[in-house]
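Novice: quick one: sequence plus predicted model below, questions after.
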Amino acid sequence: MELNFQVKKLYMDVLIVGGGLAGLLSALNINKNISVGIISKNKIGKSGNTIISGASLSFLLEDVNKVDSEETFFYDILESGQFINDIPLLKLFVHKSKHIKDNLELYGINFIKKNEISGQQPAGHRMPRYFSVNYKKIPFITRGLALTLPLLDKILRDHKNIKLFNNVHIIKILINENNRVYGAIGIDKTTNKFLYINSKVVIIASGGAGKIYNNNNNTHDITCDSYGLAYQAGALLKDMEFVQFFPTMISSPTRMNIPSTIFKKGALLKNSLEKKFIQKYGASDEISATRDLMSRAIFTEIMQGRGIDGQILLDLNNISKEDWEKYFYRLYRLLKKFKQFKVKKMILVKPVSHFFIGGIHIDQYSSTNIFGLLACGESICGIHGANRLPGTALSETVVFSTIAGKTASNIVQNITKNEITRSSIIKNEFVPKELLTKSSPITKNEINGFKKILGKTMWDNSGISRNKVSLQKALNNIKDLHNKLDSCTISSLDDYRSLFELKNMILTSKMLIKGALMREESRGSHYRSDFPFINDEFKGNHYFKKEKGCLKIEFKKS
């Protein structure tokens, strides 16, 4: 392909990077007299992790559960997070969660009802506050569409100020000398042109980092873009050593999470000897086992040779016909369709990378340390601490996306438009250096090969169980990858996008590993086999920032 650096300019008040639940809700909460652009590298409303979520949210609903309270919900999350949560953010989240149901129903999102809306109680919650969205007309595997499609429809129907840009990949956020946002650079995959976007506010809502592990349940487009964009812009990140693993996923012939609520109805974990094992790892039963403990138990059984092809048995024989029909009838139909019940009612599952707990550091207004740069959704961190309770990811997204939209509206009123010219772009080297030469270009296939190497390295050495030796091995492997890419060039914008993703994945992995090496304890989802207990010397948070071109990490005690 002949590169001629074709440029298209766009002007908008607010640029939102990401087209999932976080991006859509942010846009809907911006004043209608403000111009907004939602940019997604795939289809807005129909890609990203929201669509494959369980479409269930944990929040306060006091008119249903009379004994629940802000204090109880707050302490459940704090205890799960091993007391390193961001207290002001957590208090704000719990308080705002009381309005989630009403806010979503305004957009046509409804919850499953029997005689009245009813909640479930997954492990870690002391009250039944886990509510499922009504996804009756949506395929079970993509039931999160029940959240995004109504929001997308609302935008298309009622918000002419919001423009949608599908298949555009943002590769850089532009920051001026006064540490203020003035836009971004993107690549339009359809026209193969650069986009130079002038905006007063940028909201990062482009998801987490599940793809740094080869065993994951994320969509293919979740490649650490949020963290790479924020870091290179100078934003502060936090808690990057904490990743949540989901314990029970089917990987063949389809990839599908088995919800943890199934243990309430009698499901049991068994090893290759068909023996129960969860009690060996500190839980009285599967119902009481949090995701981090269950993932570690399954992983250990597999590593000690009591797995089946890298998986473990999930025994569903004790679930009654009534419970299948009442709670899991669509799951049951899918399991039968994919012929999962080969021997009795037992299926094979394994733990996978699920949710990135660390992320961009924000305040109560969803603002970063850079003026005009906001963040929400899985890209942020704070309320979960060292571990995350079921249902709080989507709830967190609803709360802080709403806040981000309102903050963006307030900022826009007080900023004049900044012009970007073609000459200033070239002068400031905004065109990626990898595009400026064609000597020995790296191909997309080679880049994808490096992604697989990274995924295996991270899973084997910096996954569910870690230690100094394995983490150092992972770091050395990542340094080798980084050195191979440091001076490489590419010959097309499509190849550059893949390289951009890989570099973000390497950067995120590096932060994770270095944070994990520094945290010489086990806390929440971070488990060090050489330091298997909590150490209050590490009761605090690691902060990550680019300083003079290098990664700087600072620890602050709680």
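Specialist: Okay, I see it. If you're wondering where the values come from, they're calculated on a predicted model, not measured in any experiment. Residues are numbered from 1 along each chain as shown.
Novice: list phi and psi for residue 162.
Specialist: With angles defined as degrees, to the nearest 10, residue 162 sits at phi -100, psi 120.
Novice: would you agree it is in contact with residue 33?
Specialist: No. Using CB atoms under 8 Å as the test, residue 162 is too far from residue 33 to be in contact (11.9 Å). The C-beta positions use only the backbone N, C-alpha and C, and glycine is treated the same way.
Novice: so if I had to pick from those two, which one is more boxed in?
Specialist: Neighbours per residue (other CB atoms under 10 Å) separate residue 162 from residue 33, with residue 162 holding more: 22 against 10.
Novice: report the beta-bridge partners for the residue lying closest to the more buried one once chain neighbours are set aside.
Specialist: In this structure, residue 162 finds its nearest non-sequential neighbour in residue 36, 4.6 Å apart by CB to CB, 6 or more residues apart in numbering. Legend: beta-bridge partners of residue 36 under DSSP bridges are residue 14, residue 162.
Novice: how much space separates residue 519 from residue 286?
Specialist: 28 Å (CB to CB, to the nearest Å).
Novice: residues contacting residue 74?
Specialist: By CB atoms under 8 Å, 6 or more residues apart in numbering, the contact list for residue 74 reads 90, 91, 94.
Novice: surely residue 182 and residue 196 touch.
Specialist: No. Judged on CB under 8 Å, residue 182 makes no contact with residue 196 at a distance of 10.7 Å.
Novice: need the longest strand for this structure.
Specialist: Longest strand of the chain, by residue count under DSSP state E: strand 346-356.
Novice: what's that one packed up against?
Specialist: Contact here means 3 or more CB pairs under 8 Å, 6 or more residues apart in numbering; DSSP states H and E; on that basis strand 346-356 packs against strand 243-250, helix 291-301, strand 312-315.
Novice: which residues are in contact with the first one?
Specialist: Same thing as strand 243-250. The contact list for strand 243-250, computed with CB under 8 Å, 6+ apart, reads 209, 213, 217, 255-258, 260, 291-292, 294-295, 298-299, 314, 338, 340, 347-358, 387-388, 463-464, 512, 525.
Novice: got the CA positions of it in PDB?
Specialist: Taking C-alpha atoms only, strand 243-250 is exported to PDB below (Å, rounded to 0.1, in the frame of the first residue of the first chain):
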ATOM      1  CA  VAL A 243      -6.800  -8.800  37.500                       C
ATOM      2  CA  GLN A 244     -10.000 -10.800  38.100                       C
ATOM      3  CA  PHE A 245     -10.300 -14.300  36.700                       C
ATOM      4  CA  PHE A 246     -13.600 -15.900  36.000                       C
ATOM      5  CA  PRO A 247     -13.600 -19.500  37.300                       C
ATOM      6  CA  THR A 248     -16.100 -21.300  35.100                       C
ATOM      7  CA  MET A 249     -16.000 -20.900  31.300                       C
ATOM      8  CA  ILE A 250     -16.800 -23.400  28.600                       C
END
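Novice: angle of it against strand 346-356?
Specialist: 150 degrees (axes from the mean of the first three to the mean of the last three CA atoms, to 10 degrees).
Novice: strand 243-250: partners in the sheet, and parallel or antiparallel?
Specialist: Here strand 243-250 has these sheet partners by DSSP bridges: strand 256-257 (antiparallel), strand 346-356 (antiparallel).
Novice: so the longest one versus helix 291-301, what angle?
Specialist: On the basis of the same axes, to 10 degrees, strand 346-356 is oriented at 130 degrees to helix 291-301.
Novice: packing partners for the helix or strand following strand 346-356?
Specialist: Using DSSP states H and E, the helix or strand that follows strand 346-356 towards the C-terminus is strand 359-360. If you count contacts as 3+ CB pairs under 8 Å, 6+ apart, strand 359-360 packs onto helix 225-233, strand 237-238.
Novice: so which of these is nearest residue 72?
Specialist: Closest to residue 72 of these is strand 237-238 (CB to CB; 26.0 Å).
Novice: pLDDT on that closest one, on average?
Specialist: Across strand 237-238, the average pLDDT comes to 98.
Novice: tell me, what's the model's pLDDT at the residue nearest to residue 29 when sequence neighbours are not counted?
Specialist: Of all residues not flanking residue 29 in the chain, residue 405 sits nearest, at 2.7 Å (CB to CB, 6+ apart). At residue 405, the model reports a pLDDT of 98.
Novice: quick one: residue 405 is in a strand?
Specialist: No. Going by DSSP: H, G, I helix; E, B strand; the rest coil, the assignment for residue 405 is helix, not a strand.
Novice: mind listing what's buried in stretch 112-128?
Specialist: 112, 117, 118, 119, 120, 121, 122, 123, 124, 125, 127, 128 (16 or more other CB atoms under 10 Å).
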